[in-house]
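1. A predicted structure for the sequence below; I have some questions about it.
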Amino acid sequence: MAQNQLKSLYNDLKRSFEAKPFDLKKCGSLLAKLKIGLIETGLLTPQGEHNIDDLVVARDILEIGAIWSIRTRDVPSFDRYFSQLQTFYTDYSSVLQPSKNEYPIRGLNLIRLLTQNRIADFHTTLESLPIPADAIADNQYISHPVNLEQWLMEGSYSKVWNARERAPVEEYKFFVDSLMGTIRNEIASCEEAAYESLPLKDALTLLFFNNQSELLTFAQQRGWQVDLSRSLITFATKGEEQAEIPKQKLISSSLAYARELEQIV
Amino acid sequence: MKSTEKEDQKDDKKQETKEEVKKEPPTPSAEIKGNFVLIDRAVSTLEPRFTHRVLKTLTTLVKKIDEKIIRNAIEEVYPKESATKTALLSWLPPSPSEDVEMQIDSSTSATTTKPAPVTTEPVPEIDIYLRLLIIHQLLKSADSVSEAKDLSVETVKKMQALNRRSLDSIAAKVWFAVERSFELDGDLAEARPLFLAAQRTAALRHDDDTQASLINRLLRSYLAYSLYDQADKLVSKTTFPVSAGNPQFARYHYYLGRIKTVQLNYSDAHTNLQQAIRRAPPATLAPGFYQAVHKLFVVVELLMGDIPDRGIFRHPVLEKPLKGYFEIVKAVRTGSLSQFQQTVLKHAVLFQADKTHTLITRLRQNVIKTGIRRLSLAYSLISLKDICVKLHLDSEEDAEYIVGKAIRDGVIDGRLVHEKGWMACGGAGGVKRGYGSEVAEVFSRRIGYCLELHNQSVKAMRYPLNAHRKELADAEGAREREKELAKEIQEGDLDDEDLGGDF
């Protein structure tokens, strides 16, 4: 594909990306064509020296691709775009002007890891961000997922719930919605352990449900006993676990000690 | 961090050399000459031990030498018309034109002092060793760093072209010099392809020294740029040679500890860091490394929910640099969120420099947990509002969730009563956990550790080569003697009997 054809396609994409309402289908087909173009010009995973303008165009295309993937709710595709963008964000950071979309996309990636419960990856990614740790709080795109993670870990679920509306970019909400499902399950498991019984209406607020029927289906899934007449949920108390002596384990470790001691003496 | 590590890298070598220096403090030039002999012997006998001995003194030697000493050494060891000599000398200031003059000068003086000038070209190992000395010499001043870089790259090329096994241990040190020169020049990332290629070759040739050195170089370079993913992949794809020296192992464990901590794998990180501390040279000799490891170690212990030993903070080497960490420990121990946040703010710059800031912010939840635990021990009933006030939480709602989570995670033993808005603690029988299995587990872990230590030390023992031959000969001799003895006894017995018979 010729260079100028690529350019015109890129302009097309940019126009349809900025247009409102956003044309998902058209963008998708344009992106597919552009990706082939990028591969042919060797810009998809650039190596060595390249024209800076070309690199910026390639980065823009991939960034639009990443955002487009979120809008089409295609997380694996976002993952691919993000990995391709990594080259531009890290290896060419000294050559290219920083993109205004860089941090929103990095933030999206962080939230994605959070919703998939990949906490270790979340922290690894966070650690390798090119900004100093105390500047995280000033960067709203990054501080959002960081705060979410912190609240999740300490258990301030209501803060997570409230933060859902304060997403710095529209796309964040897509992930926050799926995050809510995770939170609900977390809260439910906490409640099972912490309460003997809970009034229905309190459970409703604690679990952030809007109406009782939603709560009832949820309770059914988790196997809670709902007493509608008293409007009370009782949680099945776990029977005292029988402390069992791990015979097998003790025997094997004793044998291991004996063998080792035999070797020493 | 960087500066402290630099210190450590120098220091952990220094420690090894110290003993030898005490025994015989020769002049640097005599030392270099002695080293040439040793290298020569190492090459001719194919015994790497001699080279190791030479390299042990490297760091102390580097501190003592200057350009003149190196130049003299070069003059003495190379024949007059040697291309290698000219090549080596060209790297040394002053400017080339003067250099030629000096060269003639010193060579004439060399010939006058030594009646028989060298006529044979020495082994290439000596060339590389000299280059190593020159690189270190060039690194001493900031102006010649780029020269050092050029020389190191050239040396690496030469080393690879020579491809001699007797060069391996020197090569390991050269790689360190390469890293230092690239790092001081500010573009450590550029050296990475070089390291990676060399690492592959070293692995294929089972060149353990170089491999150990290169893996550490790569890890350092990745971690310097916070590329934890890549570092992790490198670790999973390579095996660190078991025969590597302690300083390399200490570093490797430290880097592993860093990676594992970032990945929230605290217990593994803890083991790695402990290993790093154990294998590290004594604190007074390599304070930088010791401090860096301990800083991370303290944070990891806190993240694991343990409180680090108070003794660490009283250690003369650690007391001052770990002051900020000590305050964090105090805040975590008391479970005071406000104190914790204040301390983090106060020492933010320090933590930032140590690259532990993000790790420390992870401690927030531990602080809250400790706080709840203390409350649950002190009160049998406490309202959520009071918890909120005491722990400086934002709302009662939050408090309820947090306490709920703490109960689920087994941090405290209690119940929430939502209607009344309070937490009842430890009411239900208190002692829930039996001691049996837990104690057995801890016991087996400790015993396992002791046994491992014993086995490791047995493996680490060194035996002189061919010593068993002598022993075998001894055993043979002993058997001979035994036979003779037995014979004598037999004969004696006979005698006795004979005597007895006589009586």
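-> Cool, got the structure.

2. what's around A:Arg230, how many residues?
-> A:Arg230 sits with 11 neighbouring residues when counted by other CB atoms under 10 Å in any protein chain shown. In short, each C-beta sits where N, CA and C put it, glycine included.

3. contacting residues for the nearest residue to A:Phe175 once chain neighbours are set aside?
-> Ranked by CB to CB, 6 or more residues apart in numbering or on different chains and with sequence neighbours excluded, the top spatial neighbour of A:Phe175 is A:Ile111, at 4.2 Å. When contacts are counted by CB atoms under 8 Å, 6 or more residues apart in numbering or on different chains, A:Ile111 touches A:His144, A:Pro145, A:Leu148, A:Tyr172, A:Phe175, A:Val176, A:Leu179.

4. Give me the lowest-pLDDT entry from the residues you listed.
-> Here the lowest pLDDT out of the contacts of A:Ile111 sits on A:Val176, with 75.

5. if I look at that residue, how far off is B:Gln490?
-> Note on A:Val176: its distance to B:Gln490, by CB to CB, to the nearest Å, is 96 Å.

6. ok, these two, which is more surrounded?
-> Comparing A:Val176 with B:Gln490 by other CB under 10 Å, the one with more neighbours is A:Val176, at 23 against 10.

7. Run a quick neighbour tally on the residue in the stretch 51-200 of chain B that chain A sits nearest to.
-> As assessed by CB to the nearest CB, chain A sits closest to B:Ala189 within the stretch 51-200 of chain B, at 8.9 Å. Using other CB under 10 Å, B:Ala189 has 16 other residues around it.

8. go on, B:Gln365?
-> The number of residues packed near B:Gln365 is 21, by other CB under 10 Å.

9. what helix or strand is it on?
-> Counting by DSSP states H and E, the element that carries B:Gln365 is helix B:364-378.

10. do the same with B:Ile412
-> Assigned by DSSP H and E, B:Ile412 falls outside every helix and strand.

11. lowest confidence element among the helices and strands of chain A?
-> Least confident helix or strand, chain A: helix A:3-18 with a mean of 70, by mean pLDDT, DSSP states H and E.

12. ok, then the element right after that one?
-> Next helix or strand after helix A:3-18 toward the C-terminus (DSSP H and E): helix A:24-40.

13. Give me the pLDDT value at B:Arg374.
-> B:Arg374 carries a pLDDT value of 83.

14. residue contacts, it?
-> Contacts of B:Arg374 by CB under 8 Å, 6+ apart are B:Thr334, B:Gly335.

15. now it: how far from chain A?
-> 16 Å (CB to the nearest CB, to the nearest Å).

16. How about the secondary structure of the closest residue to A:Ile119 other than its chain neighbours?
-> Excluding its sequence neighbours, the residue lying closest to A:Ile119 (CB to CB, 6+ apart) is B:Leu264, at 6.1 Å. Following DSSP: H, G, I helix; E, B strand; the rest coil, the label given to B:Leu264 is coil.

17. Contacts only, for B:Leu264.
-> Counting by CB under 8 Å, 6+ apart, B:Leu264 touches A:Ile119, A:Ala120, A:His123.

18. got a winner among the residues you listed for most neighbours?
-> A:His123 leads those on contacts (other CB under 10 Å) with 21 neighbours.

19. Was I right to think it contacts B:Asn265?
-> No. In this structure, A:His123 is not within contact of B:Asn265 by CB atoms under 8 Å, at 10.3 Å.

20. and the closest residue to B:Ala224 other than its chain neighbours, how many residues sit next to it?
-> Nearest residue to B:Ala224, sequence neighbours excluded (CB to CB, 6+ apart): B:Leu188, at 5.7 Å. Around B:Leu188 there are 19 other residues, counting by other CB under 10 Å.

21. shouldn't B:Leu188 be in contact with B:Glu179?
-> Yes. With contact defined as CB under 8 Å, B:Leu188 counts as touching B:Glu179 (7.1 Å).

22. Need the residues touching each of the two.
-> Common neighbours of B:Leu188 and B:Glu179, using CB under 8 Å, 6+ apart, are B:Arg220, B:Ser221.

23. State the mean pLDDT of the strand or helix carrying B:Phe351.
-> Element membership for B:Phe351, per DSSP H and E: helix B:348-354. Taken as a whole, helix B:348-354 carries a mean pLDDT of 86.

24. which is the next helix or strand following that helix?
-> Downstream of helix B:348-354, the next assigned helix or strand under DSSP H and E is helix B:357-361.

25. helices or strands next to that next one in the packing?
-> helix A:119-127, helix B:287-303, helix B:348-354 (3 or more CB pairs under 8 Å, 6 or more residues apart in numbering or on different chains; DSSP states H and E).

26. buried sites along the lengthiest helix in chain A?
-> The longest helix of chain A (DSSP state H) is helix A:172-194. If you call a residue buried by 16 or more other CB atoms under 10 Å in any protein chain shown, then helix A:172-194 has these buried ones: A:172, A:174-176, A:179-180, A:183-184, A:186-188, A:190-194.

27. what's the spacing between that helix and its chain's center?
-> Relative to its parent chain, helix A:172-194 has a centroid offset of 13 Å by CA atoms, centre = their mean, to the nearest Å.

28. State the mean pLDDT of the host helix or strand of A:Arg106.
-> When elements are assigned from DSSP H and E, A:Arg106 belongs to helix A:102-115. For helix A:102-115, the mean per-residue pLDDT is 85.

29. same thing with stretch B:251-265?
-> Mean predicted confidence for stretch B:251-265 is 91.

30. So, low pLDDT: which residues of the chain?
-> Using chain A. A:1-4, A:6, A:16-23, A:42-50, A:133-134, A:236-244, A:265 (pLDDT under 70).

31. um, chain B though
-> Ranges of chain B meeting pLDDT under 70: B:1-26, B:93-119, B:426-437, B:467, B:492-503.

32. Would you mind splitting it into its domains for me?
-> B:1-186, B:245-362, B:379-425 (automatic domain parsing).

33. Correct me if wrong: the residue of the stretch 51-200 of chain B closest to chain A contacts B:Tyr225.
-> Yes. Assessed by CB under 8 Å, B:Ala189 is found in contact with B:Tyr225 at 6.2 Å.
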